[in-house]
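**Q** Just a sequence and a predicted model for now, questions to come.
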Amino acid sequence: GFGYHVRAYATNSIGTSYGSDINFIAGGSTGNVLTIEGTSTVSTKTGKWSGVDIPRNSPTVFTYRNNSITSENSEGYMLQAGDESPSSENNNLDGEVITGNKFIWQGPVDPAIITHGLFTGYNINSIVKYNYLENVPYGILFKSGTDEGVNMTFTSGGCAYNIWKNGKFGGRVKGINGVKFINNTFYSGDGKGWYIILITGNMDRDIPSPSVGTKIFNNIFYSTIQIPMIKIESGCLADFESDYNVYWCTAGEPVFNIDGATISWAEWRGRGYDAHSRIVNPDFINTTDFVPGTRLDFGKELGAEWQTGLSTTAAWVVGLSPVTTNQNGIWQAGARLY
């Protein structure tokens with residue numbers, strides 16, 4: 001194999017990288033290694049934009065670390081690290097690591113906007129950690145499914161210790177199994193959100209097989225209007241778990257949605273979900289950093305893979321990793337840990 005290092009200074013406003021470091025190491029039979037780190041990408045395109053589009057025509061060990069993307073596109077992507085449909089490129093980014101990045105979307109709030117933020121479709125075992133998404137319409141998306149009704153299944157990895165602020169939804173599971181949402185902070189405070197996590201089959205395929213086995217633990221869900229905290233199809237309830245989360249809605253008790261029908265907190269818990277979860281105001285110090293006013297010692301211990309979260313002092317600076325700290329004592333809920 002071989003490797004090379006590129007430092008680019010670009011001025012194109014349709015996806016500008018300033019002082020970016022991109023490391024490529026091409027391998028042999030085991031595939032390629034691609035690391036993109038410390039880049040700042042700014043797009044002023046208002047229509048469709050393909051985003052930072054990651055090459056995936058061959059198996060690649062891919063890492064996207066400590067970058068920033070700012071855009072205002074009405075459709076397309078911010079980070080396109082996966083596919084929308086079955087193709088020969090599927091699974092070439094399996095196990096991709098997307099960590100420590102900041103995504104800022106600056107377009108107008110409009111129901112027609114369909115911009116995908118952090119997209120990893122048709123790849124499994126993605127590790128999505130320590131990212132901050134601000135005003136991104138469609139937040140973090142996992143997707144698969146064939147016309148024959150066959151879904152991909154995560155056996156490791158997941159979505160952990162991310163912060164999502166405003167947009168239409170924070171997490172999306174569409175025709176893919178076994179996705180985990182662990183210790184994220186989801187905040188919908190602009191009154192424009194639709195739901196916070198959406199779990200369905202992939203209705204774009206001839207047979208939209210359900211997404212089964214989704215796990216949702218130790219997250220903070222916060223909304224200023226009564227949108228569903230979790231919206232799910234009944235076919236996706238097989239092996240679904242949600243518990244040890246913190247919920248807070250300033251407009252009343254948290255609500256949920258199954259097959260389009262609103263489900264109250266009592267009804268949701270009556271179905272066996274969120275038995276240990278709490279309705280607690282996290283009392284964020286501010287709605288930029290989302291540091292809870294005090295420890296939220298309501299989480300479930302989930303093992304070494306998930307023990308390291310964002311520090312209360314973590315910040316997003318291009319080229320630097322946000323400061324982390326380990327869970328200590330009773331596990332805390334949310335992305336930031338005391």
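**A** That came through fine.

**Q** Would you agree Ser321 falls within a strand?
**A** No: using DSSP: H, G, I helix; E, B strand; the rest coil, the assignment for Ser321 is coil, not a strand.

**Q** Isn't it up against Arg65?
**A** Yes: here Ser321 reaches Arg65: they are 7.4 Å apart, a contact under Cβ atoms under 8 Å. Every residue, glycine included, has its C-beta placed from N, CA and C.

**Q** so what sits against both of these two?
**A** Thr99, Gly100 (Cβ atoms under 8 Å, 6 or more residues apart in numbering).

**Q** Between those two, tell me which one has more neighbours.
**A** Neighbours were counted for Ser321 and for Arg65 using other Cβ atoms under 10 Å; Arg65 has more, 17 against 14.

**Q** measure the nearest residue to that one once chain neighbours are set aside to Asn125 for me?
**A** In space, and not counting its chain neighbours, Arg65 is closest to Glu37: 4.6 Å by Cβ to Cβ, 6 or more residues apart in numbering. According to Cβ to Cβ, to the nearest Å, Glu37 and Asn125 sit 21 Å apart.

**Q** Equivalent analysis for Thr313, please.
**A** Taking Cβ to Cβ, one finds Thr313 at 30 Å from Asn125.

**Q** more crowded one of these two?
**A** Asn125 (19 against 11).

**Q** Check whether that one really touches Gly95, as I assumed.
**A** Yes: Asn125 is within contact range of Gly95, at 4.7 Å (criterion: Cβ under 8 Å).

**Q** what do these two both touch?
**A** Ser156, Gly157.

**Q** Check what pLDDT Ser29 gets.
**A** On pLDDT, Ser29 comes in at 40.

**Q** Would you pull up how far stretch 55-71 lies from the middle of the chain?
**A** Taking Cα atoms, centre = their mean, to the nearest Å, one finds stretch 55-71 lying 15 Å from the centre of the chain it belongs to.

**Q** hang on, I meant stretch 89-108
**A** Per Cα atoms, centre = their mean, the centroid offset for stretch 89-108 relative to its chain is 8 Å.

**Q** rewinding a little: give me the number of residues near the residue nearest to Arg65?
**A** 19.

**Q** As a check, name the ranges of all strands in the stretch 201-338 of the chain.
**A** Applying DSSP state E, counting those that start in this stretch to the stretch 201-338 of the chain gives strands spanning 215-217, 220-223, 228-232, 241-243, 246-249, 255-258, 261-263, 278-279, 308-311, 324-326, 336-337.

**Q** Next, the contact list for the residue nearest the centre of the chain, please.
**A** By Cα atoms, centre = their mean, the mean C-alpha position of the chain lies nearest to Ile140, the distance being 3.0 Å. Contact analysis of Ile140 by Cβ under 8 Å, 6+ apart lists Gly117, Leu118, Thr120, Val128, Asn131, Leu133, Cys159, Asn162, Trp164, Gly170, Gly171, Arg172.

**Q** How about Glu75?
**A** So Glu75 contacts Gly47, Lys48, Trp49, Ile113, Ile114, Thr115 (Cβ under 8 Å, 6+ apart).

**Q** phi, psi of it?
**A** phi -150, psi 170 (degrees, to the nearest 10).

**Q** does Thr35 count as helix, strand or coil?
**A** strand.

**Q** So what pairs up with it in the strands?
**A** Asn23, Thr63 (DSSP bridges).

**Q** quick one on the thing from earlier: right, so of the strands of the stretch 201-338 of the chain, which gets closest to Ile285?
**A** strand 336-337 (9.8 Å; Cβ to Cβ).

**Q** Show me what that closest one packs onto, helices and strands only.
**A** Secondary-structure packing of strand 336-337 (3 or more Cβ pairs under 8 Å, 6 or more residues apart in numbering; DSSP states H and E): strand 308-311.

**Q** neighbouring contacts of the strand it packs on?
**A** 130, 160-161, 163, 183, 322-327, 332, 335-337.

**Q** Could you tell me which strands sit next to that strand in the sheet, and their orientation?
**A** Paired strands of strand 308-311, with direction, are strand 324-326 (antiparallel), strand 336-337 (parallel) (DSSP bridges).

**Q** Can you tell me which of those strands is most buried?
**A** strand 336-337 (a mean of 27; mean count of other Cβ atoms under 10 Å).

**Q** Low-confidence stretches in the stretch 51-200 of the chain?
**A** Counting by pLDDT under 70, the stretch 51-200 of the chain shows no low-confidence range.

**Q** Let's have the contacts of Ile140 in JSON lines, adding distance to Tyr244 and secondary structure.
**A** Listed next are the contacts of Ile140 as JSON lines, based on distance: Cβ to Cβ, whole Å; DSSP: H, G, I helix; E, B strand; the rest coil:
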{"residue": "Gly117", "distance to Tyr244": "26", "secondary structure": "strand"}
{"residue": "Leu118", "distance to Tyr244": "24", "secondary structure": "strand"}
{"residue": "Thr120", "distance to Tyr244": "25", "secondary structure": "coil"}
{"residue": "Val128", "distance to Tyr244": "20", "secondary structure": "strand"}
{"residue": "Asn131", "distance to Tyr244": "22", "secondary structure": "coil"}
{"residue": "Leu133", "distance to Tyr244": "23", "secondary structure": "strand"}
{"residue": "Cys159", "distance to Tyr244": "16", "secondary structure": "strand"}
{"residue": "Asn162", "distance to Tyr244": "17", "secondary structure": "coil"}
{"residue": "Trp164", "distance to Tyr244": "19", "secondary structure": "strand"}
{"residue": "Gly170", "distance to Tyr244": "18", "secondary structure": "strand"}
{"residue": "Gly171", "distance to Tyr244": "17", "secondary structure": "strand"}
{"residue": "Arg172", "distance to Tyr244": "22", "secondary structure": "strand"}
